[in-house]
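J.: let's see this in three dimensions:
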Amino acid sequence: MIPNFTAVHNRFRLNGRHYAFDRLKDVAYSFIKEGEPHEIEIGEFLLQWTDSKKTITVKTSGSTGSPKSIKLSKQAMVHSAIATGNYFKLRPGNSALMCLPATYIAGKMMLVRAIILGLRLDLVVPNSNPLEFLRKKYQFAAMVPMQLSNSLENLYKIRTLIVGGAKVSDDLVEKIQESSSTVYATYGMTETITHIAVKKLNKLKAHTTKAYFEVLPNVEISQDGRGCLVINAPYLSKLPIVTNDVVMLHSNTTFELLGRLDNVINSGGIKIQPELLEAKLAPYINADFFIASQENEVLGEAVILVIEGKKQALPKAIFNNLQKHEIPKDIIFIKTFNRTISGKIDRHKTLDSTKKVS
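T.: So this is what the prediction gives:
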């Protein structure tokens, strides 16, 4: 039986103490009045969670458009927490670490999971290296890629880690292969109440060369005519959620994320998915970069390569494995990329800055 959002599991602990639903308001007021900045954000969420409304208002990250406020059902958030708990086999009394801010949905859901699943949740300042001074070990945590990158030496402190907010680079994936922690990339958005699918990044089965995203329980997926992912999760939405993410379905529960439809380049009638081209170039470029396009009289759109940092000489072999239409017509160096709060490169704002420079 699915509990109501007003339920609090009797094994739930916040920094070592159990709180009933009504007492969470006291915690909220205390955090808001006397807490650190990250605790104030937690307090503000707990006030929303314990008020009389059936929805809460959350901000989107702005990674796929302008940030906006949307309303989410509290009961749908409960369903999402249970789906995550079932997938990762989280049990009442398991320890969890919250090192993300409660500003956005990922942080809010760590609190909901703890309350509903009965986790023992500890709060730490959501900085770039949250494990550095911790002495305890935890069974579950969530991070963004920057935190993971800075936590490699201390990753043994987390048994199961989910990573979202931005893509985990191939280089970072390589660095976690020998870790005792099991690390998963997540796929989702604010509208899907964090992730609806996860992809294992290390500890893969023998002979498995590539892992795909696997959906959580009670989630069905399909493609529309554009090749984009369609999510059918009744516990989240009565209507299917249509995305702009181009995917390849490998089964009715697994898919490969190819890139954003918004980013597709039409060069001389040939459609190019920037993310796939970026994967080919990644081994040759020791900096953050992305593929984009600029207007071209002959091709309509011409492929360009945008690299962060000072101008540098690139390996001669960098374009050897590219087809003719994939080879960038121009290479642009930008001192610093624009990024979203979650650390994703904001391609559109960065491209605007290239126009100003040029």
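
J.: go ahead and confirm Thr192 touches Leu229.
T.: No. Using CB atoms under 8 Å, Thr192 is not in contact with Leu229, being 10.5 Å away. To be clear about C-beta, it is placed using only N, CA and C from the backbone, and glycine gets the same treatment.

J.: higher neighbour count, those two?
T.: Leu229 (25 against 22; other CB atoms under 10 Å).

J.: name all residues that make contact with the more buried one.
T.: 221-223, 243, 245-247, 255 (CB atoms under 8 Å, 6 or more residues apart in numbering).

J.: and the contacts of stretch 144-153?
T.: With contact meaning CB under 8 Å, 6+ apart, stretch 144-153 is reached by 99-100, 128-132, 143, 155, 161, 163-169, 172, 175-176, 179, 183, 342-343.

J.: just the buried residues from those residues, in ChimeraX please.
T.: The ChimeraX selection below is limited to those of the contacts of stretch 144-153 classed as buried (16 or more other CB atoms under 10 Å):
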select :99,100,130,131,143,155,161,163,164,165,166,167,168,172,176,179,183,342,343
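
J.: what about the contacts of stretch 144-153, which are in strands?
T.: 143, 161, 163, 183 (DSSP state E).

J.: which residues of the stretch 251-358 of the chain fall in strands?
T.: 254-260, 265-267, 270-272, 289-296, 300-308, 330-334 (DSSP state E, counting those that start in this stretch).

J.: what pLDDT, on average, does stretch 189-200 get?
T.: Averaging pLDDT along stretch 189-200 yields 93.

J.: now stretch 104-122
T.: Computed over stretch 104-122, the average pLDDT equals 97.

J.: try stretch 298-309
T.: Mean predicted confidence for stretch 298-309 is 92.

J.: and if you look at stretch 245-257?
T.: 95.

J.: for it, what is the distance to the chain centroid?
T.: Counting by CA atoms, centre = their mean, to the nearest Å, stretch 245-257 is centred 17 Å from the centre of its parent chain.

J.: can you name the residues that contact Pro217?
T.: Going by CB under 8 Å, 6+ apart, Pro217 touches 83, 86-87.

J.: make it 6 Å
T.: 83, 86 (CB atoms under 6 Å, 6 or more residues apart in numbering).

J.: phi first, then psi, for it.
T.: phi -60, psi 140 (degrees, to the nearest 10).

J.: ok, now Asn86?
T.: The phi/psi pair for Asn86 (degrees, to the nearest 10) is phi -70, psi -40.

J.: quick one: contacts for it?
T.: Contacts for Asn86 (CB under 6 Å, 6+ apart) come out as Pro217.

J.: try Val246
T.: Going by CB under 6 Å, 6+ apart, Val246 touches 227-228, 258-259, 261.

J.: can you confirm it is in a helix?
T.: No. Remark: Val246 does not belong to a helix; assigned using DSSP: H, G, I helix; E, B strand; the rest coil, it is strand.

J.: give me the nearest residue to it, chain neighbours excluded.
T.: Leu258 (4.4 Å; CB to CB, 6 or more residues apart in numbering).

J.: list the contacts of the nearest residue to Ala83 once chain neighbours are set aside.
T.: Spatial nearest neighbour of Ala83, excluding adjacent residues (CB to CB, 6+ apart): Leu216 at 4.3 Å. Counting by CB under 6 Å, 6+ apart, Leu216 touches 83, 87, 196.

J.: if we can go back for a sec, and which of the contacts of Leu229 is nearest Leu281?
T.: Val246 (18.7 Å; CB to CB).

J.: what's across from that closest one in the sheet?
T.: In this entry, Val246 is beta-bridged to Cys228, Gly259, by DSSP bridges.

J.: in stretch 132-151, what counts as buried?
T.: With the criterion 16+ other CB under 10 Å, stretch 132-151 contains buried residues 134, 138-151.

J.: in strands only, show me these.
T.: Those of the buried residues of stretch 132-151 mapping onto strands are 138-143, per DSSP E.

J.: just the buried ones from the contacts of Leu229?
T.: Counted by 16+ other CB under 10 Å, those give 221, 243, 245-247, 255 as buried.

J.: just the CA trace of stretch 237-255, in CSV.
T.: C-alpha atoms of stretch 237-255 as CSV (Å, rounded to 0.1, in the frame of the first residue of the first chain):
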residue,chain,number,x,y,z
SER,A,237,1.3,12.1,-15.1
LYS,A,238,-2.1,11.1,-16.5
LEU,A,239,-0.8,11.9,-20.0
PRO,A,240,2.5,10.7,-21.6
ILE,A,241,5.5,13.0,-21.1
VAL,A,242,6.9,13.8,-24.6
THR,A,243,10.6,14.8,-24.5
ASN,A,244,12.9,16.4,-27.0
ASP,A,245,15.6,13.7,-26.3
VAL,A,246,16.5,11.6,-29.3
VAL,A,247,16.9,8.0,-28.3
MET,A,248,17.5,4.5,-29.5
LEU,A,249,15.3,1.9,-27.9
HIS,A,250,17.0,-1.4,-27.1
SER,A,251,14.0,-3.0,-25.4
ASN,A,252,10.8,-1.9,-23.8
THR,A,253,12.7,-1.0,-20.6
THR,A,254,16.1,0.2,-21.9
PHE,A,255,17.3,3.0,-24.2
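
J.: and that stretch, what's buried?
T.: For stretch 237-255, burial by neighbour count (16+ other CB under 10 Å) applies to 243, 245-247, 253-255.

J.: what's the offset of it from the middle of its chain?
T.: Distance, centroid of stretch 237-255 to centroid of chain: 16 Å (CA atoms, centre = their mean).

J.: stretch 197-215 now?
T.: In terms of CA atoms, centre = their mean, the centre of stretch 197-215 is found 16 Å from the chain centre.
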